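# predicted coordinates and the sequence they were generated for:
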Amino acid sequence: MRCAMRQMNVQSKIVDAPIRLAEVVTALSLATDLGMGQPLSFALRACVLSLRLGKAAGMDEAALRTTYFQALLRYIGCNVDTHILSAVVGDEVAMRHDFAAIDNGNVAEVIGIFMRSIRQANGGASALQLAKAMAQGFMAMPGIKAGFEGHCEVAQRLAARLGLDADVQTALGQLYERWDGKGAPHGLRGEAIAPSVRVVTLAQDALVHFGLGGIDAVIRMVKKRRGSAYDPALADCFCDGAQQLLADLDQEPGLDVILALEPGEPRWLSEEELDEACRAMADFVDVKSPYTLNHSDGVAMLAAAAGEQAGLPKQDVINLRRAAWLHDLGRTGISAGIWEKPGPLNPQEWDKVHLHAYYTERVLAATPGLAALGELASMHHERCDGSGYHRRCSGAAIPFPARILAAADMYQALIEARPYRAAHDASSAAAEMQKAVKDGKLDGAAVDCVLIAAGHRVRRARIGAPAGLSEREVEVLRLLAQGHPTKRIASLLNISVKTADHHIQKIYGKTGVSTRAGATLFAMEQGLACARGE
């Protein structure tokens, strides 16, 4: 029932109002929380604390604005080289969670976390095998540390694509720098480090220790690292006002709070800028594995072309393409060690894989302009027979655009290599798709459209809207299903009442119904209905 109720929300004009850059960045910050093993909203709370600390330290508006975006996107490069890290430590997400609590300038603590992760990854190994794994891990440490520069470079490039200014990009290139010069990637010291970096580093560490031991533990930690990891003046400022600075930060701040905090004038995205932001988010997650590079972009292009083949209205095609770019955001929260396992997954690993569709929805749900896209994006593993995930929807509860997305994702994955198999050639991939239709898992019409979009010749392809409805008739049907009277439909579509009634009668004839109720159910069965927006 939940699926049937929710499927109406993923159609039609999903993005019907401009979206702020800060909204997109907020959604992306939740994805970085997943990748760093932190609770969702960690970066949001860090943003609040960073701005409070920056104001207490006397920052001007320009510096506070850089701090705002730095706090939200500090780890936007977190997916780089995770496949290399997971090959050494196993679950890199869990290791990052543990790593966040230590002083990264303390060599003994760093090695301790690293070796403990290796022991956990090799729990069933013999003493000799474990010793060998630890030796290999120890030898890999310099290379992993050198990878920090890559994290910074990717963060800067993604920030540029999002339209963030040069100051934010500079700060993102100094992610791991320390006051004492023992940081990375450039070993900057003291005031050579951007003020926003100094503030955000202290604020995020403070939040970790606040969660572990409360305010007293935070103050002890900051005093201990004063002059080494942290700017001494900033550390003193924090300790003097810790009670007020940390007030209410055990609670998740809402989107309205985060948006209200943005210093300076908010920036609204054009349609083209929103598309580029979605593409940047796609690349953010696809870089997690060499096996998924450009996967989301491929799915987006294929799904959009299939949507056009199906005769979907223009806005639905746009929404479908954007949802396809965003569909795998939740993969960030699952260890690369699982995605790159060369053999079969065990039940516990499958449970984690199933979470990624939910994570996609959860990351995008906080932003109203992206929430409906998230619902559609998160349905890419639903199957018509109810065997998919994460909601286990079936039949008419899966909207037609979601069926296209599922088919496009499967086809694109089939023609890409995976750790456990070689890539399928085009004909083999098409055969697998047709088998999925025969088995009741994928929608035949959606698969036909995807295969045609991919360049296949498909016999008896079912192209066009259901029952031969025109694009205008689909628009009328949606409004009819929402309960609008004929006169209102005419007004909304800027047509005459007589023309609107003519469309309604043609819809009845084509769909084999004779009542508004019958037309409404038909629209729902075909995934054409959408919730009333008034």
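Nice, I can see it.

# find the centremost residue of the protein, please.
In the chain, the residue lying closest to the centroid (CA atoms, centre = their mean) is residue 329, at 2.8 Å.

# for the stretch 101-250 of the chain, give me the ranges with low pLDDT.
133-134, 137-146 (pLDDT under 70).

# what ranges do the strands span in this protein?
Shown for the chain, the strands assigned by DSSP state E span residues 19-20, 268-269.

# what sits up against the last one?
The list of residues contacting strand 268-269 from outside it, by CB atoms under 8 Å, 6 or more residues apart in numbering, reads 18-21, 24, 163, 277. (Each C-beta comes from the backbone N, C-alpha and C, glycine too.)

# swap the cut-off to 10 Å and go again
15, 17-24, 162-163, 274-277, 369 (CB atoms under 10 Å, 6 or more residues apart in numbering).

# which among those residues end up buried?
When the contacts of strand 268-269 are checked for burial by 16 or more other CB atoms under 10 Å, the buried set is 15, 19-24, 162-163, 274-277, 369.

# do you know how far residue 452 is from residue 411?
Noted for residue 452: a distance of 11 Å to residue 411, by CB to CB, to the nearest Å.

# which residues do these two both contact?
residue 306.

# give me the more crowded residue out of the two.
Taking other CB atoms under 10 Å, residue 452 and residue 411 do not tie; residue 411 has more neighbours (29 against 17).

# please tell me how far that one sits from residue 375.
According to CB to CB, residue 411 stands 22 Å off from residue 375.

# quick one on the thing from earlier: can you redo the strands of the chain as a markdown table with distance to residue 405?
Formatted as a markdown table, the strands of the chain follow (distance: least, CB to CB, whole Å):
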| stretch | distance to residue 405 |
| --- | --- |
| strand 19-20 | 21 |
| strand 268-269 | 23 |
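
# next, format these as JSON lines and append distance to residue 441 and mean pLDDT.
Converted to JSON lines, these look like this (distance: least, CB to CB, whole Å; pLDDT from 0 to 100):
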{"stretch": "strand 19-20", "distance to residue 441": "34", "mean pLDDT": "94"}
{"stretch": "strand 268-269", "distance to residue 441": "36", "mean pLDDT": "96"}
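
# out of the ones you listed, which is closest to residue 287?
strand 268-269 (22.4 Å; CB to CB).

# helices and strands around the lengthiest helix in the chain, which ones?
If you go by DSSP state H, the chain has its longest helix at helix 195-225. Packing contacts for helix 195-225, counted by 3 or more CB pairs under 10 Å, 6 or more residues apart in numbering; DSSP states H and E, involve helix 42-56, helix 61-73, helix 166-172, helix 232-240, helix 242-245.

# report the buried residues of the first one.
Right, helix 42-56. So, applying 16+ other CB under 10 Å, buried residues of helix 42-56: 42-54, 56.

# before we move on, what about stretch 205-220?
Neighbour-count burial for stretch 205-220, with 16+ other CB under 10 Å as criterion, is recorded at 205-211, 218-219.

# which residues does the closest residue to residue 526 other than its chain neighbours contact?
Leaving aside its chain neighbours, residue 526 sits nearest to residue 466 (4.4 Å; criterion: CB to CB, 6 or more residues apart in numbering). Contact analysis of residue 466 by CB under 10 Å, 6+ apart lists 310-311, 400, 445, 474, 477, 510-511, 522-523, 525-528.

# now with 8 Å, please.
Residue 466 neighbours (CB under 8 Å, 6+ apart): 400, 511, 522, 526, 528.

# what is the nearest of the buried ones among the contacts of strand 268-269 to residue 347?
Using CB to CB, the buried ones among the contacts of strand 268-269 come closest to residue 347 at residue 24, 35.7 Å.

# what sits against the residue nearest to that closest one when sequence neighbours are not counted?
Nearest residue to residue 24, sequence neighbours excluded (CB to CB, 6+ apart): residue 277, at 4.8 Å. For residue 277, the contact set (CB under 8 Å, 6+ apart) comprises 21, 24, 161-163, 269.

# now swap in residue 167 and tell me
Listed by CB under 8 Å, 6+ apart, the contact partners of residue 167 are 62, 65-66, 194, 196.

# show the buried residues in those residues.
65-66, 194, 196.

# mind listing what the residue nearest to the centre of the chain touches?
31, 281, 284-285, 359-360, 363-364, 377.

# what of residue 338?
Taking CB under 8 Å, 6+ apart, we find residue 338 in contact with 345, 349, 352-353.

# looking at those, which are in helices?
Short answer: these in helices (DSSP H) are 349, 352-353.

# the residue nearest to residue 24 and residue 499: what is the separation?
38 Å.

# quick one: residue 159 from residue 173, how far?
9 Å.

# out of the two, which sits in the busier spot?
For residue 159 and residue 173, the more surrounded residue by other CB under 10 Å is residue 159, and the numbers stand at 25 against 21.

# just give the nearest non-adjacent residue to the more buried one, would you?
Using CB to CB, 6+ apart and skipping residues adjacent in sequence, the residue nearest residue 159 is residue 169, 5.0 Å away.

# so residue 28 sits against residue 281, correct?
Yes. Residue 28 is in contact with residue 281 according to CB atoms under 8 Å; the separation is 6.0 Å.

# how far away is residue 483 from residue 178?
62 Å.

# looking at the two, which is more packed in?
Using other CB under 10 Å, the more surrounded residue of residue 483 and residue 178 is residue 178, with 24 against 11.

# give me the phi and psi angles of the more buried one.
phi -130, psi 150 (degrees, to the nearest 10).
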